[in-house]
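In: From the sequence below, what's the structure:
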Amino acid sequence: MGYILEMQNDPPRPSAYSSADIAAILADLQATVSGATSLERWTKSSTVPVDRVVAGADLTYLRLTAHDAEGSPIVLMLRERVWQRAI
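Out: Residues are numbered from 1 along each chain as shown. Predicted coordinates:
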């Protein structure tokens, strides 16, 4: 019974993002984020919940807290100055 109670008390999973939501986030990133400093500003001012941020000279990406409609994680990456979905 304790196991069931623990599962019932787990925090709810964040809502899922649709393809249109992800496209809007990518467009916002493309318009406002060009590197580590601007990514830090974006994560602090954005309403998009972010799980992880990696911002370095060779690699810049973020993983959103929410998943897509199929339940897959959303990882967005800056590659050759273009934001795109990695997975």
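In: give me the beta-bridge partners of the residue positioned nearest the centre of the chain?
Out: Centroid-nearest residue in the chain: residue 64, 2.1 Å away (criterion: C-alpha atoms, centre = their mean). The residues paired with residue 64 through beta bridges, assigned by DSSP bridges, are residue 50.
In: Surely it is in contact with residue 47?
Out: No - Residue 64 is beyond contact range of residue 47, at 11.7 Å (criterion: C-beta atoms under 8 Å). For every residue, glycine as well, the C-beta is placed using N, CA and C.
In: how about the helices of the chain, start to end?
Out: Residue ranges of the helices in the chain, as given by DSSP state H, are 2-9, 19-32, 36-45.
In: Not counting its own residues, what contacts the last one?
Out: It refers to helix 36-45. Defining contact as C-beta atoms under 8 Å, 6 or more residues apart in numbering, one finds that helix 36-45 is touched by 28, 29, 32, 33, 50, 53, 55, 56, 60, 62, 78.
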